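K.L.:
pasting the sequence and the predicted model now:
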Amino acid sequence: MVRRNGAEILAGLVVLIVAAAFLAYALATSGTSNVPGYQFSAEFDRIDGLSVGSDVRMAGVKIGTVTQTSIDPKTYLAMVDFTVAKDIKLPTDSSAAIASQSLLGGKYLAVVPGGSDKMIPPGGHITVTQGSVSLEDLLGKFIFSVTDLVSSLKKGDSAASGSSSGSGQSQGGLQ
């Protein structure tokens, strides 16, 4: 029995060591590390799915990291603070949007540079923003619009069949 317990303990230790190695590898290669650079901020009506540590991307390339999210108590808008790599300069007419990584979830902050010659200073604010689009809300709107369409078609069919049968009776009465 002592041998069996020793073997079980050894197997458990091996499993823990392998799990720790996978965790270390995942942390090292996940790309969630902060990108050193300039701090910027933006306000959004909703930021569903965006969190601290999310990527900031331009043209699909990671250029920064979301560092803080909060609510502005005066406007009730979501405030997002983020960093952008020092070698990236943002024109004053740049825009920011919350975008989905995939259908399964995960959001990132997409920055689209503008065409202005003037640049946003470090610590500046992006004013042109688009909040997160909720897949559940879109799906709900689609389902309700299809339901409304089907019910209006049914009403149209019953009205058309009622008027055609009514006209048939009046024609029958004339003959």
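P.N.:
Yes, it's here.
K.L.:
what lines up beside the strand ranked longest in the chain in the sheet?
P.N.:
If each strand of the chain is counted by residues according to DSSP state E, the longest one is strand 61-71. Applying DSSP bridges to the sheet, strand 61-71 is found paired with strand 55-58 (antiparallel), strand 78-85 (antiparallel).
K.L.:
mind saving the C-alpha coords of the first one as CSV?
P.N.:
When you say that, I think you mean strand 55-58. What follows is strand 55-58, C-alpha atoms only, in CSV (Å, rounded to 0.1, in the frame of the first residue of the first chain):
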residue,chain,number,x,y,z
ASP,A,55,-5.5,44.5,-27.5
VAL,A,56,-5.4,47.8,-29.3
ARG,A,57,-5.0,47.2,-33.0
MET,A,58,-4.5,49.2,-36.1
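K.L.:
taking the mean pLDDT, what do you get for that strand?
P.N.:
Over the span of strand 55-58, the pLDDT mean works out to 94.
K.L.:
may I see the buried residues of the longest strand of the chain?
P.N.:
63-67, 69 (16 or more other C-beta atoms under 10 Å). Where you see a C-beta, it was placed from the backbone N, CA and C, and this is true even at glycine.
K.L.:
now, which of those residues sits nearest Ala99?
P.N.:
Nearest to Ala99 among the buried residues of strand 61-71: Val66, at 12.5 Å, using C-beta to C-beta.
K.L.:
ok, the closest one - contacts?
P.N.:
Applying C-beta atoms under 8 Å, 6 or more residues apart in numbering, one finds that Val66 lies in contact with 50-56, 80-82, 109.
K.L.:
out of the strands paired with strand 61-71, which comes closest to Gly123?
P.N.:
When the strands paired with strand 61-71 are ranked by proximity to Gly123 (C-beta to C-beta), strand 78-85 comes first, at 9.7 Å.
K.L.:
now do the strands in this structure.
P.N.:
37-44, 55-58, 61-71, 78-85, 95-102, 105-112, 125-126, 128-130.
K.L.:
partners of the fifth one, with directions?
P.N.:
For strand 95-102, the paired strands and their directions (DSSP bridges) read strand 105-112 (antiparallel), strand 128-130 (parallel).
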